[in-house]
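> Okay, here's the prediction I keep looking at, along with the sequence it came from:
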Amino acid sequence: MKVLRMKCPFCGCWNRFPVDKVFVEQHVSDPKIKAFIPMYKPLEFIRCKKCGEIIANPNELIRIEKSSAKA
Ligand SMILES: [Zn+2]
C-alpha cells in the first residue's frame, strides 16, 4: 500500500489517500511485446477534505505520472 498525493480538480486542495499499486496490461501493435503500465487503485471512494467532491474511486485507476513515480 502506498499513500498518493493528488490535487483536487475542483478546488485545488491537496489530498492524501491510500492506494494499491497495480499493473495494467497495455495492448500494443506488436503481439510479441507485452507492456504493463503501473497505475494506482484507490482503496475506497475518496472525497476532497476541503470541498467534499469525490476525486477518486476504486473503479477508476489513476495513471502514474513519471514525475511523481518514486519507487
Ligand atoms: Zn476540493
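Good, I have the coordinates. Numbering: from 1, shown residues only.
> hey, what's residue 62 bridged with?
Counting by DSSP bridges, residue 62 forms beta bridges with residue 40.
> wait, it sits on residue 56?
Yes: counting by C-beta atoms under 8 Å, residue 62 touches residue 56, with 6.5 Å between them. Quick note: C-beta positions are derived from backbone N, CA and C, even for glycine.
> Need the residues touching each of those two.
Residues touching both residue 62 and residue 56 by C-beta atoms under 8 Å, 6 or more residues apart in numbering: 6, 42.
> So for these two, which residue has more residues nearby?
Higher neighbour count among residue 62 and residue 56: residue 56, with 23 against 15, using other C-beta atoms under 10 Å.
> Return the set of residues that bridge with that one.
On the basis of DSSP bridges, residue 56 is bridged to residue 46.
> got a list of what it touches?
By C-beta under 8 Å, 6+ apart, the contact list for residue 56 reads 6, 17, 42, 45-46, 62.
> is it possible to export those residues to JSON lines including distance to residue 31 and pLDDT?
Below are the contacts of residue 56 laid out as JSON lines (distance: C-beta to C-beta, whole Å; pLDDT from 0 to 100):
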{"residue": "6", "distance to residue 31": "35", "pLDDT": "93"}
{"residue": "17", "distance to residue 31": "37", "pLDDT": "96"}
{"residue": "42", "distance to residue 31": "32", "pLDDT": "97"}
{"residue": "45", "distance to residue 31": "37", "pLDDT": "97"}
{"residue": "46", "distance to residue 31": "37", "pLDDT": "97"}
{"residue": "62", "distance to residue 31": "28", "pLDDT": "93"}
